[in-house]
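> coords below, sequence missing:
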């Protein structure tokens, strides 16, 4: 009966470490392990500095122990902080993805408008066409520099 309890306890610890490992990945992003761990450490150290409590401060070594599954346990405080940082990182990625989509739509609409003006009367609309090229950050510069 003691062995069954120990096995259950070990499985729970492994699942906690796996969950922490997943949070580290969520925080650091999908990149090389070294970059991901460094990014995750930087974010966690900034969000949760624990200046008055050195034992609670985040270290790269602690994150590596989650990643390489060397950690025996995950403290409740660590799990809460990992969860909060992962949620924030996910929110930031979603905002960035939304901004990229909006920017791509803007570039597409601007290029379409420019093409329409060029087809109608390029000479007459040249100031607007040039303005559209500048408005896109120079991505779609005017074709004629006469």
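Done, it's in. Owing to the predicted nature of the structure, the values given are computational and were not obtained by experimental measurement. Numbering: from 1, shown residues only.
> contact partners of stretch 51-60?
37, 38, 41, 44, 45, 48, 49, 50, 77, 81 (CB atoms under 8 Å, 6 or more residues apart in numbering). In this view, the C-beta of every residue, glycine as well, is placed from N, C-alpha and C.
> one more time with 10 Å
With contact meaning CB atoms under 10 Å, 6 or more residues apart in numbering, stretch 51-60 is reached by 34, 37-38, 40-50, 65, 75, 77-78, 81-82, 85.
> Among those, which ones are in helices?
In helices, defined here by DSSP state H, the members of these are 34, 37-38, 40-47, 65, 77-78, 81-82, 85.
> For ChimeraX, write the selection for the buried entries among these.
What follows is the ChimeraX syntax for the buried subset of these, where burial is set by 16 or more other CB atoms under 10 Å:
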select :37,40,41,43,44,65,78,81,82,85
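> Could you pull out the helices in the chain for me?
2-28, 33-47, 60-67, 76-121, 126-135.
> Same list (those) but as JSON lines, adding distance to residue 54 and mean pLDDT.
Below are the helices of the chain laid out as JSON lines (distance: least, CB to CB, whole Å; pLDDT from 0 to 100):
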{"stretch": "helix 2-28", "distance to residue 54": "20", "mean pLDDT": "74"}
{"stretch": "helix 33-47", "distance to residue 54": "12", "mean pLDDT": "97"}
{"stretch": "helix 60-67", "distance to residue 54": "13", "mean pLDDT": "96"}
{"stretch": "helix 76-121", "distance to residue 54": "14", "mean pLDDT": "90"}
{"stretch": "helix 126-135", "distance to residue 54": "52", "mean pLDDT": "68"}
